[in-house]
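Chemist: Sequence plus the predicted model coming up.
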Amino acid sequence: MAASVLSSPRAIQASVLIVRTFVLMRRMLVTSSEVAGRLTAIEHELIKHDGKMASIVEVLRQLTNPSMRPKRRIGFVKLKMES
């Protein structure tokens, strides 16, 4: 805008610089909103995975805890004959 009024080389350079700055700011705004959207999507996926991981850990804890019932012996059992 200043270049159209002043018509000096310095005013033209200032106008070009201002336009480039606004273009750069617009690109940065679009990029940052894209990044924010991607981060939100990743956060939602992590929340889903956290729930799944918690259930897996719970199942593993149940499998690693010794059971309270007595273990059956492996092999043949000799039956007692009634007399």
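Modeler: Yep, it's here.

Chemist: Please make it C-alpha for all contacts and neighbour counts, starting now.
Modeler: OK.

Chemist: I'd like the average pLDDT over the lengthiest helix in the chain.
Modeler: In the chain, with assignment by DSSP state H, the single longest helix is helix 9-64. The predicted model gives helix 9-64 an average pLDDT of 85.

Chemist: Give me the distance between it and the centre of its chain.
Modeler: With CA atoms, centre = their mean, to the nearest Å as the basis, helix 9-64 stands 10 Å off its chain's centre.

Chemist: what's the distance between residue 50 and residue 60?
Modeler: 15 Å (CA to CA, to the nearest Å).

Chemist: Pull the contacting residues for residue 40.
Modeler: For residue 40, the contact set (CA atoms under 8 Å, 6 or more residues apart in numbering) is empty.

Chemist: switch the cut-off to 10 Å
Modeler: Listed by CA atoms under 10 Å, 6 or more residues apart in numbering, the contact set of residue 40 reads 34, 46.
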